[in-house]
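A.B. asks: Requesting a structural model of the entry that follows:
(one chain, ligands or ions: 2)
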Amino acid sequence: MAGRLIYLIGPSGSGKDSLLDAARTRLAERNCRIVRRVITRSAEALGESALGVSLDEFTRLEARGEFALSWRANGLCYGIPRKIDDWLAAGQNVLVNGSRGHLPATRQRYPDLLVLLLTVEQSVLRERLRARGRESVEEIDARLARNERFSEQVLAQHDPALCVIDNSGALEDTVECLLRCIDGESTASTPHQ
Ligand SMILES: Nc1ncnc2c1ncn2[C@@H]1O[C@H](COP(=O)(O)OP(=O)(O)O)[C@@H](O)[C@H]1O
Ligand SMILES: O=P(O)(O)OC[C@H]1O[C@H](OP(=O)(O)OP(=O)(O)O)[C@H](O)[C@@H]1O
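C.D. replies: Ligands and ions are numbered 1, 2, ... in the order given. I've put the predicted structure just below:
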């Protein structure tokens, strides 16, 4: 049986990368692989969870059909290698660090995907982005503005395959919530108020 695409979305700084790192072993126990993204971001700012390429290289890979999914946001290009289709066909679940803006296109290609929306209170989010220190104040403001538009839109769609996970508290609690969503014990939860 084919595996399921699990599409983790949420604002920049909501903790997607941290959550995936913290849950990696327990996801592997669930036959769930985390795909490494290709991003036009400098290597120093990437960590191990993504591969950095130049814009030229990204464009070439995209034109050659190397990406199952690709999008542009925050002045960057993001690609998901097409090998995920082999993993899915082999019955593995695949977790993608995705984009809220690209969700409709992703759903068209993977109609039975599970969407996990990570939320964080706006004041906590601002502080985490500031503390992470990866972007300038202007870039942080632009990300916060984008956040207000997009998470509301995703929530307004009332998607039955949407699981809302709040990461305003401790990361360990968020890991447990993520695993419950994937195990199907919780198909929806309300965002932290
Ligand atoms: N639950 C949490 N509690 C405290 N800090 C967190 C939590 N989750 C993430 N962070 C911190 O917030 C910042 C943004 O997290 P990150 O994983 O880079 O977000 P994203 O991948 O969504 O952009 C990082 O500095 C990370 O260490
Ligand atoms: O449509 P959106 O939901 O706003 O998402 C747009 C992009 O922004 C985030 O990446 P970012 O460059 O911030 O990297 P990060 O996830 O590591 O913070 C997210 O992972 C998406 O790739």
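A.B. asks: after the helix or strand that contains Arg146, next one along is what?
C.D. replies: Element membership for Arg146, per DSSP states H and E: helix 137-156. Using DSSP H and E, the next helix or strand after helix 137-156 towards the C-terminus is strand 162-166.
A.B. asks: Which strands and helices lie in contact with that following strand?
C.D. replies: The criterion is 3 or more C-beta pairs under 8 Å, 6 or more residues apart in numbering; DSSP states H and E, and the helices and strands that strand 162-166 contacts are strand 114-119, helix 137-156, helix 171-183. Where C-beta positions appear, they are placed from N, C-alpha and C, glycine not excepted.
A.B. asks: ok, 10 Å please
C.D. replies: In terms of contacts (3 or more C-beta pairs under 10 Å, 6 or more residues apart in numbering; DSSP states H and E), strand 162-166 is packed against strand 5-9, strand 114-119, helix 137-156, helix 171-183.
A.B. asks: That strand close to ligand 2?
C.D. replies: No - residues of strand 162-166 contacting ligand 2 under C-beta under 6 Å from any ligand atom: none, with a closest distance of 13.7 Å.
A.B. asks: Now do that strand against strand 114-119, angle only.
C.D. replies: With axes from the mean of the first three to the mean of the last three C-alpha atoms, to 10 degrees as the criterion, the two stretches strand 162-166 and strand 114-119 enclose an angle of 30 degrees.
A.B. asks: 6 is where my numbering starts, stick with that
C.D. replies: In the new count, where the first residue is 6, that last one comes out as strand 167-171.
A.B. asks: what about strand 167-171 and ligand 1, touching?
C.D. replies: No - under the criterion of C-beta under 6 Å from any ligand atom, strand 167-171 makes no contact with ligand 1; the nearest approach is 9.5 Å.
A.B. asks: Identify the residues contacting Asp164.
C.D. replies: By C-beta atoms under 10 Å, 6 or more residues apart in numbering, the contact list for Asp164 reads 108, 112, 118, 120, 122, 193.
A.B. asks: Tell me how many other residues crowd the closest residue to Ser59 other than its chain neighbours.
C.D. replies: With C-beta to C-beta, 6 or more residues apart in numbering as the criterion, Ser59 has its nearest non-adjacent residue at 6.7 Å, and that residue is Thr45. Burial of Thr45 is recorded as 18 neighbouring residues (other C-beta atoms under 10 Å).
A.B. asks: now Thr45: how far from Arg31?
C.D. replies: Per C-beta to C-beta, to the nearest Å, Thr45 is found 31 Å from Arg31.
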